[in-house]
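S.K.: here is a sequence with its predicted model. Questions after.
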Amino acid sequence: MKRIVLGSLLVILCVGICGCSMLPDIEYCKNSRSYPYWTEWEDGILVSIVNDSLAAVKTRKYKKECKEDMETTVGFRVGLFLVNYRTKQKPMLGDTLDLPYDLEISSGAFIDSSVLVFDFLNKKFGFWKIGEKTIKFSSYNDISGSMEYIRDINPWINKEIVIRSYSHSREYLHILDTEKGQIKIFNPKEYEWIFPSEDKIGGFLSYIDGKVIYIRDNKRFELVVDGIVTDTSLPFYIYKCFGNYIAPHNVSIANAGILKIDTENFKFDETLELWLDRGDYPAKFYKNRKGDDSVSYSGKDLTGKGYYAK
């Protein structure tokens, strides 16, 4: 009866206030289940393309308690693994951590064999090196809610990190000073020598081999190195930038395979012959444009453990 009343109230509030037709999923406690319990490991989510063969993927699972007849998340386990995306096999390297809360494991460049991790709850950041069981966190300054979701990260000048993030449907670029723990919104006026005055900050910014890299859509796809256009490619919407690897938004777009920046001559290398399904669950790499031959990793593939595994 309690469930029916609660559900009815939610429907009345939802319809009466905003006219919505969908409600958030509510998991009620089940008499057939013992509490607490752990969910399954999630399928592998892409974190970074490391090189022409290896990628970093993450997974997680949740500890559930029964509170007031509703399932509540009270704990997390997260995993980080190095896998071969051309030939499916056991992970090259990996580890899992127990945490009291969820972390934001930022996708993007693989920096010093590590990924950037944020603890938004406590305003801290750190680097998780694959194979290590601990993360050393440092505090960062208050950035007034402009980093609700991180799209990707890339290296920047003086060992800083450039962060592309979203907040309230708006996109931001931030610069993280890892030594001082300071995050500031990127100011294009400080780098007028990189950007043409008419250009909007909307491309992907990075610092590779001592050069400032900017990838922008200017009718064609332009690779700008220290303010000079060194190469162009067919235009398409970028899904994410992983250092010198650029993934398109949709695998079905013609000529939209993963682009690689050749850092010897700073040209687009379009011979990689690799396509990525941008869906997060699981990350799928395709060996041909038809999409009939792919490599992906389930949670069980990564951890070697199934349901209720700890």
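M.R.: Nice, thanks for sending it over.
S.K.: every contact and neighbour count from this point should use C-alpha atoms.
M.R.: Noted.
S.K.: got the domain ranges for this structure?
M.R.: Listed domain ranges for the chain are 30-139, 187-295 (source: automatic domain parsing).
S.K.: mind checking the end-to-end distance for the first one?
M.R.: Counting by CA to CA, to the nearest Å, you get 40 Å between the two ends of domain 30-139.
S.K.: any chance of JSON lines for the domains of the chain, columns mean pLDDT, distance to Asp152 and mean neighbour count?
M.R.: Putting these into JSON lines (pLDDT from 0 to 100; distance: least, CA to CA, whole Å; neighbours: other CA atoms under 10 Å) gives the following:
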{"stretch": "domain 30-139", "mean pLDDT": "90", "distance to Asp152": "5", "mean neighbour count": "18"}
{"stretch": "domain 187-295", "mean pLDDT": "77", "distance to Asp152": "7", "mean neighbour count": "17"}
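S.K.: can you put those domains in TSV and add distance to Asn154?
M.R.: Shown next, in TSV, are these (distance: least, CA to CA, whole Å):
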stretch	distance to Asn154
domain 30-139	5
domain 187-295	5
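S.K.: to Glu148, which of those lies closest?
M.R.: Closest of the domains of the chain to Glu148 is domain 30-139, at 8.5 Å (criterion: CA to CA).
S.K.: quick one: the closest one to chain centroid distance?
M.R.: 11 Å (CA atoms, centre = their mean, to the nearest Å).
S.K.: would you map the helices across this structure?
M.R.: Along the chain, counting by DSSP state H, helices occupy 2-18, 299-303.
S.K.: lowest-confidence stretch among those?
M.R.: Ranked on mean pLDDT, the bottom entry among those is helix 2-18, at a mean of 42.
S.K.: gap between the closest residue to Phe266 other than its chain neighbours and Phe221?
M.R.: Once flanking residues are discounted, Phe266 sits nearest to Thr230: 6.7 Å by CA to CA, 6 or more residues apart in numbering. Remark: distance between Thr230 and Phe221 (CA to CA) = 11 Å.
S.K.: again, but for Lys211
M.R.: Distance from Lys211 to Phe221, by CA to CA: 19 Å.
S.K.: over to Gly181?
M.R.: Relative to Phe221, Gly181 is positioned 34 Å away (CA to CA).
S.K.: Ala283 too?
M.R.: With distances taken as CA to CA, Ala283 is found 25 Å from Phe221.
S.K.: now do Leu93
M.R.: 35 Å.
S.K.: hmm, back to that, which residues touch the residue nearest to Phe266?
M.R.: Applying CA atoms under 8 Å, 6 or more residues apart in numbering, we find Thr230 in contact with 222-224, 266-267.
S.K.: pick out the most distant pair among those residues.
M.R.: Greatest spacing in these, by CA to CA: Glu222 and Phe266 (11.4 Å).
S.K.: what is in contact with these two at once?
M.R.: Counting by CA under 8 Å, 6+ apart, the residues touching both Glu222 and Phe266 are 230-231.
S.K.: just checking, Gly243 touches Asn154?
M.R.: Yes: with contact defined as CA atoms under 8 Å, Gly243 and Asn154 form a contacting pair (5.9 Å).
S.K.: give me the common contacts of these two.
M.R.: Joint contacts of Gly243 and Asn154 (CA under 8 Å, 6+ apart) are 108-109, 206.
S.K.: of the residues you listed, just say which sits nearest to Gly299.
M.R.: Here the nearest of the shared contacts of Gly243 and Asn154 to Gly299, counting by CA to CA, is Gly108; it sits at 20.8 Å.
S.K.: what's near enough to touch the closest residue to Met70 other than its chain neighbours?
M.R.: Leaving aside its chain neighbours, Met70 sits nearest to Tyr28 (4.4 Å; criterion: CA to CA, 6+ apart). When contacts are counted by CA under 8 Å, 6+ apart, Tyr28 touches 69-71.
S.K.: what's the answer for Glu160, then?
M.R.: For Glu160, the contact set (CA under 8 Å, 6+ apart) comprises 175-178.
S.K.: from Leu205, how far off is it?
M.R.: Distance, Glu160 to Leu205, using CA to CA: 12 Å.
S.K.: about what we covered before: CSV for the shared contacts of Gly243 and Asn154, including distance to Ile135?
M.R.: Formatted as CSV, the shared contacts of Gly243 and Asn154 follow (distance: CA to CA, whole Å):
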residue, distance to Ile135
Gly108, 18
Ala109, 18
Ser206, 24
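S.K.: rewinding a little: take the contacts of Thr230 and keep only those in strands.
M.R.: Counted as lying in strands by DSSP state E, out of these, are 222-224, 267.
S.K.: among these, which one sits closest to Glu190?
M.R.: Among the ones in strands among the contacts of Thr230, Val224 lies closest to Glu190 (CA to CA), at 17.0 Å.
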